[in-house]
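1. just a sequence and a predicted model for now, questions to come.
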Amino acid sequence: MTTSTPSSALLHRNTHFIPKKVVGGKGSYLFLEDGSKFLDSTGGAAVSCLGHGHEQITQAIKDQMDQVSYCHSAFFGTEVSEELARFLVDSTGGKLSKLYVVSSGSEAVEAAVKLARHYFLELPTPQPQRTRFIARSSSYHGVTLGALGVGGHVLRRQPFEPLLAKNTSHVSPCYAYRDKKYNESDADYVARLAAELDAEFERVGPDTVCAFVAEPVVGAALGCVPAVPGYFPAMKAVCEKHGALLIMDEIMSGMGRCGTLHAWEQEGVVPDIQTIGKGLGGGYAPVSGVLIGDSIVQTMDKGTGVFRHGHTYQGHPVSCAAALAVQKTIQEQSLLERVREMGAYLEKQLREQLEDHPYVGNIRGRGLFWGIEFVKNKATKEPFDPSSRLSFLLQEKGLHPKFAISLYGCTGTVDGIRGDHVILAPPYTVSKEEIDIIVDTTTKVLGEVLVDLAV
């Protein structure tokens, strides 16, 4: 990173810094303006699932642009959007029977929560009193005001708290490393969390809740934390008891990232509404979506049939073409199997090199979606002081030409303010040799940063 002394008309994420420019990319690597080669071991934010410069994907985008680049979904449809929808609906075995296509994860979450509310208004006997949502603390569901309000990440919410709706409450996440009690079985832990969710329904009024919202594998907020076995079936049972929906946010963890196309396939439960993003289009075009349970679709169809929500770029043909090409490539090249294989290798290498590290508290994840949580004291799990800015320092050190690697650093792991972790999410096409580089370089970065902080 360089200081903002050079002029820029662009509002970057931090006005004090202007990032180096990317001038090209191929496979797992990005090429920078200074001639250096950068290993994109996080796929940006777990986005570039097929890496960079994939000719089959870029050709599909060009072909679509030659046909038509844009039409407004209020007037027209396109064959490519229909084909994408059919592909994704079929991938759920028809359990989720419609797709709603937008451009970002935050938009998808906004659409999902509005759709949940809309469903209760479309019932034969409408339930307009259902205006609330229950989500989890230490969660992140997007940056727009509605999505931010559903999320429970303290630092991300803090500046905008006065602007956020007050209709979401939060329960504990399924975070076994820190929250599961000594000698508590998985079944007992799940029962405790289910009782907490049930109590929250009762507290706010069970007939006022539209949906419970959760990530199958928590991404940025906790760093790739999967639920323990049995958790999601128990949560869905609580939702069904109170007539509420289950929304599973798979923006980060879905579309193959965890080793199955849909992360919920590993949970023994089907959500009523699912959000998808990042790996949907692999970064080749802005695209996200909402997959919708058939019972919701049938209810709407028997009612007004109108979802009073829409975007200018909804169902954008170029974005749909990119997403369809990415998903067909994943299917045709059996990349889900490769994610499982390379994910197992990545886990093995991470555990061999870092599990005994004095400041690594926990390594967790699934598929090619792995998080490393750092602690100052391994026995007590005490985190580093937030003033140390550990995750930021690790991310910045990784960007140094000496290392040239991406480490997706996040703070607030413990309680939304304290705690640090980094995420690794390489492309599904990553090689064993590249994984070796990722793990070796990560270890070196940790060595340089942590030796100073731990004094």
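-> Okay, I see it.
2. low pLDDT regions in the stretch 351-455 of the chain?
-> Along the stretch 351-455 of the chain, the model assigns pLDDT under 70 to residues 454-455.
3. looking at this, Val109 is in a helix?
-> Yes. Val109 forms part of a helix when assessed by DSSP: H, G, I helix; E, B strand; the rest coil.
4. now it. Nearest residue, chain neighbours left out?
-> Leaving aside its chain neighbours, Val109 sits nearest to Ala147 (4.1 Å; criterion: Cβ to Cβ, 6 or more residues apart in numbering). In short, each C-beta sits where N, CA and C put it, glycine included.
5. check which helix or strand covers the most centrally placed residue in the chain.
-> Nearest to the geometric centre of the chain sits Met252, at 1.9 Å (Cα atoms, centre = their mean). For Met252, there is no helix or strand it lies in under DSSP states H and E.
6. how about the strands in the stretch 151-300 of the chain?
-> Counting by DSSP state E, counting those that start in this stretch, the stretch 151-300 of the chain has strands at residues 168-171, 209-214, 217-218, 225-226, 245-250, 273-276, 288-293.
7. quick one: strands adjacent to the fourth one?
-> When you say that, I think you mean strand 225-226. Sheet pairing of strand 225-226 (DSSP bridges) gives strand 217-218 (antiparallel).
8. and stretch 7-18, which residues are buried?
-> Ile18 (16 or more other Cβ atoms under 10 Å).
9. same question for stretch 25-32.
-> 25, 27-32.
10. same question for stretch 296-305.
-> Neighbour counts over stretch 296-305 (16+ other Cβ under 10 Å) mark 296, 299-300 as buried.
11. what do you get for stretch 447-455?
-> Neighbour-count burial for stretch 447-455 [16+ other Cβ under 10 Å]: 449-450, 453.
12. which is the next helix or strand following the helix-or-strand element of the chain with minimal mean pLDDT?
-> Within the chain, no helix or strand scores below strand 2-3, which has a mean of 46 by mean pLDDT, DSSP states H and E. Using DSSP H and E, the helix or strand that follows strand 2-3 in sequence is strand 17-18.
13. quick one: list the elements packing against that following strand.
-> strand 2-3 (3 or more Cβ pairs under 8 Å, 6 or more residues apart in numbering; DSSP states H and E).
14. hey, where'd the helices end up in the stretch 301-450 of the chain?
-> Counting by DSSP state H, counting those that start in this stretch, the stretch 301-450 of the chain has these helices, from start to end: 317-332, 335-354, 390-399, 432-453.
15. and the first one with strand 288-293, angle?
-> In this case it means helix 317-332. Counting by axes from the mean of the first three to the mean of the last three Cα atoms, to 10 degrees, helix 317-332 points 70 degrees away from the direction of strand 288-293.
16. other SSEs contacting helix 317-332?
-> If you count contacts as 3+ Cβ pairs under 8 Å, 6+ apart, helix 317-332 packs onto helix 55-67, helix 79-91, strand 96-102.
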